[in-house]
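Visitor: Build the 3D model from these lines:
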Amino acid sequence: MRVERNISIRPYRLDDAAALYEAAIESVSEVRPFMPWCRPDLTVDAARCWIEAQVSAFEASKAFEFVILAPDGRFLGSCGLNQIDEANHRANLAYWVRSSATGHGVATTAIRQLVQWAFNNTPLVRLEVVVSTENAASLRVAEKSGALSEGVLKKRLLLHGMWHDAVMLSFVRTGKLSRH
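Guide: Residues are numbered from 1 along each chain as shown. Alright, predicted model coming up:
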């Protein structure tokens, strides 16, 4: 499958539950090792509940979760900003792409759009990407999207009961912070 790089991101909507469910179920074997929420027993109702929480969080500026869309509107994955630390103008940046759309620059393009959106629409100064050292594909995506590697953090992630060392990467706003 060839996915064009002309993808877009937009905030989640309540009617995205079925598409999120379909993409997650398709991708369990690749996504689950590093994102435990992606389980074979995921349901459309669980996806809908998560989306409802994300829509509210977006409206309250507590998290900013986006759908990644193909030019034809197909759901390709998700990217977002969560774990927002308002005092330090910092957030975690996360992403995943459905298995049938990987390897075509989708995540890299979406991350670049998300970083631009964040620096244009929020007071965030630092966006952190924390990736297991065992997740080579995600590390490549972060680096290709322009994140700067800052080092390895020992036992930073607990995934499926196992501790993982993780690479800390970041995007840092340059220039003066405008008021938001």
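
Visitor: how many other residues sit next to the residue nearest to residue 52 when sequence neighbours are not counted?
Guide: Leaving aside its sequence neighbours, residue 52 sits nearest to residue 14 (C-beta to C-beta, 6 or more residues apart in numbering; 6.6 Å). All C-beta spots, glycine's among them, are computed from the backbone N, C-alpha and C. The tally of other residues near residue 14 (other C-beta atoms under 10 Å) stands at 10.

Visitor: what's the answer for the one 3 residues further on, then?
Guide: Residue 17: 20 surrounding residues under other C-beta under 10 Å.

Visitor: now residue 130
Guide: Residues near residue 130, counting by other C-beta under 10 Å, number 19.

Visitor: cool, and the one 4 residues further on?
Guide: Residue 134: 15 surrounding residues under other C-beta under 10 Å.

Visitor: Same question for residue 79.
Guide: 25.

Visitor: Over to residue 12?
Guide: If we define neighbours as other C-beta under 10 Å, then residue 12 has 23 of them.

Visitor: which residues of the protein fall in helices?
Guide: Taking DSSP state H to define them, one finds helices in the chain at 17-26, 28-31, 44-59, 106-121, 136-144.

Visitor: Save those as a markdown table, and put in mean pLDDT and distance to residue 150 too.
Guide: Below are these laid out as a markdown table (pLDDT from 0 to 100; distance: least, C-beta to C-beta, whole Å):
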| stretch | mean pLDDT | distance to residue 150 |
| --- | --- | --- |
| helix 17-26 | 96 | 30 |
| helix 28-31 | 84 | 24 |
| helix 44-59 | 97 | 27 |
| helix 106-121 | 97 | 16 |
| helix 136-144 | 95 | 11 |
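
Visitor: Turn these into a markdown table, columns for distance to residue 7.
Guide: Output for the helices of the chain, formatted as a markdown table (distance: least, C-beta to C-beta, whole Å):
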| stretch | distance to residue 7 |
| --- | --- |
| helix 17-26 | 14 |
| helix 28-31 | 18 |
| helix 44-59 | 19 |
| helix 106-121 | 5 |
| helix 136-144 | 13 |
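
Visitor: quick one: which of those is nearest residue 151?
Guide: Closest approach to residue 151 among the helices of the chain (C-beta to C-beta): helix 136-144, 12.9 Å.
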